[in-house]
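> pasting the sequence and the predicted model now:
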Amino acid sequence: MRRDALQCISTKEKIKMKKDFYEILGISKSADAAEIKKGYRKQAIAHHPDKNPGDKSAEEKFKLAAEAYEVLSDPQKKAKYDQYGHQAFDGSGGFGGGGHGGMNMDDIFSQFGDIFGGGFGGFGGGGGGGVRRAKGSNLRIKVKLTLEEIANGVEKKVKVKRKVQAPGVSYKTCSTCNGQGQVMRVTNTILGRMQSASTCPTCGGSGQILDRKPAEADSQGMILEDETVSIKIPAGVVDGMQLKVSNKGNDAPGNSIPGDLIVAIEELEHEFLKREGENLHYDLYISFAEAVLGISKDIEAINGKVRIKLEEGIQSGKILRLKGKGIPNINGYGSGDLLVHVNVWTPKTLNKEQKQFFENALTDENFIPNPEKSDKSFFEKVKDMFS
Ligand SMILES: [Zn+2]
């Protein structure tokens, strides 16, 4: 049995697809706190899973409403959203799973449950609704990317070994907990009889037990299966960032949802270019003669060579900025720059004639350092770069 996997979409596409939070809650942009709460309550009740069992689009709307409410009910987040829109949240904390967008049903019920008022409980609670579906564990992999792949975005195919239900396996409702996954226990304490819920010892909380199992399956009816997963990695990712591919983790027994595949980004070092945020740095070495006479040079930029012209009399330590030749912003806000650091190479050995030439130069006024105001010190240049 194959479950449909949500593809991993880039942050940019996601932002484009996202509906306005005010629109989701059916309120105007000038709505006050009470109206926001009212708007959310209306949406949450209309799309509540207890009212719409098995309806995927209702579940999606229910989640979106919670996401919108989480932002709009928090004055700080609301201010950020009003100013920057969805970009304020996607991107920073990673992508999908991070910061926002990754609310699951449990989060929603634990955070906003009180809003629904009477009649609606959480899953498997007193609301008389459905049983919470167990979720399989997440799988984690590391993907190594070159700077070129990071600059352009890349689609990577990775092989993962996922736990899936064996073909022919079947489950039946656990009779200990009647499929609820939890059992109630009554204990006598000095305060009287206390009732508490605990995970069902027979089924381990899934509400289902193995009915028929093929020989090759493990005690839970699972087998390991090789699967090639294609991961779309957006341009501009950063070392250590984690991407989430939904439903590509391990499956769990019974009527469950697969876990997620968590992809950690590892950036490989580049031969010539050093990354600093969205900017790239390149150390260019030129000869003394080239510095004096001026020259055109090819720079190894991220997507091939770029020719730059050095004026005659260029000083060592000068930094040339090639706009937009850096790494793209992950949220699609343009690209960083390539900063070329000019280093003049001083010859270490000279022949007799050359030596004579430079000895004469010692007293030649053309060779006496005379920095102009435009030849800024290194620190001033660095200050400029970050302002
Ligand atoms: Zn059970």
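Noted; the coordinates are in hand. Numbering: from 1, shown residues only.
> which one is residue 29 nearest to, not counting chain neighbours?
residue 22 (5.3 Å; C-beta to C-beta, 6 or more residues apart in numbering). Just so you know, the C-beta spots here come from the backbone N, C-alpha and C atoms, and that holds for glycine as well.
> so what's the one you found up against?
Residue 22 is in contact with 28-29, 31, 68, 72, counting by C-beta atoms under 8 Å, 6 or more residues apart in numbering.
> show me just the buried residues among those.
Listed as buried from those are 31, 68, 72; burial here means 16 or more other C-beta atoms under 10 Å.
> assign a three-state SS to the residue nearest to residue 29, would you?
Secondary structure assignment for residue 22 (DSSP: H, G, I helix; E, B strand; the rest coil): helix.
> give me the pLDDT for whatever residue of the stretch 201-350 of the chain ends up closest to the ion.
Nearest residue of the stretch 201-350 of the chain to the ion: residue 203, at 3.2 Å (C-beta to the ion). For residue 203, the model assigns a pLDDT of 84.
> does it touch residue 174 like I think?
Yes - taking contacts as C-beta atoms under 8 Å, residue 203 lies within contact range of residue 174: 3.8 Å.
> just the buried ones among the contacts of residue 22 now: which is nearest residue 273?
residue 68 (41.0 Å; C-beta to C-beta).
> tell me the SS of that closest one?
helix.
> state the distance from it to the ion.
Residue 68 is 36 Å from the ion, where distance means C-beta to the ion, to the nearest Å.
> now do the same contact list for that residue.
Counted by C-beta under 8 Å, 6+ apart, residue 68 has contacts 21-22, 24-25, 40.
> how many neighbours does the nearest residue to it once chain neighbours are set aside have?
Excluding its sequence neighbours, the residue lying closest to residue 68 (C-beta to C-beta, 6+ apart) is residue 21, at 3.8 Å. Residue 21 sits with 24 neighbouring residues when counted by other C-beta atoms under 10 Å.
> for residue 21, what are its contacts?
67-68, 71-72, 81.
> nearest to residue 300, of those residues?
residue 81 (41.1 Å).
> per-residue confidence for that closest one?
According to the prediction, residue 81 has pLDDT 82.
> which parts of the stretch 151-300 of the chain sit against the ion?
Residues of the stretch 151-300 of the chain lying near the ion by C-beta under 5 Å from the ion: 174, 176-177, 200, 202-203.
> distance of residue 269 from residue 141?
In this structure, residue 269 and residue 141 are 20 Å apart, going by C-beta to C-beta, to the nearest Å.
> ugh, typo on my part, it should be residue 186
For residue 186 relative to residue 141 (C-beta to C-beta), the value is 46 Å.
> which one of these two has more residues nearby?
Set side by side, residue 186 and residue 141 show more neighbours around residue 141, with 16 against 8, by other C-beta under 10 Å.
> next, the contact list for the more buried one, please.
Residue 141 neighbours (C-beta under 8 Å, 6+ apart): 158, 160, 261-264.
> TSV for the residues you listed, including secondary structure, pLDDT and neighbour count?
What follows is the contacts of residue 141, written out as TSV (DSSP: H, G, I helix; E, B strand; the rest coil; pLDDT from 0 to 100; neighbours: other C-beta atoms under 10 Å):
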residue	secondary structure	pLDDT	neighbour count
158	strand	95	16
160	strand	96	19
261	strand	96	25
262	strand	96	18
263	strand	96	25
264	strand	96	15
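> lowest confidence element among the helices and strands of this protein?
helix 11-17 (a mean of 45; mean pLDDT, DSSP states H and E).
> which helices and strands sit right next to the one helix or strand residue 196 maps to?
Taking DSSP states H and E as the criterion, residue 196 maps to strand 192-199. Judged by 3 or more C-beta pairs under 8 Å, 6 or more residues apart in numbering; DSSP states H and E, the packing partners of strand 192-199 are strand 182-189.
> grab the nearest non-local neighbour of residue 225.
Using C-beta to C-beta, 6+ apart, the nearest residue to residue 225 is residue 164, at 4.9 Å.
> distance of the one you found relative to residue 311?
65 Å.
> more neighbours, the two?
residue 164 (22 against 9).
> OK, contacts around residue 217?
166, 169, 223.
> so the last one touches residue 164, yeah?
Yes - proximity of residue 223 to residue 164 meets the contact threshold set by C-beta under 8 Å, at 6.4 Å.
> packing partners for the helix or strand just after the strand holding residue 196?
For strand 192-199, the following helix or strand on the C-terminal side (DSSP H and E) is strand 208-212. Using 3+ C-beta pairs under 8 Å, 6+ apart, the elements in contact with strand 208-212 are strand 170-173.
> direction included, what does the strand it packs on pair against?
Sheet pairing here is set by DSSP bridges, and for strand 170-173 it gives strand 208-212 (antiparallel).
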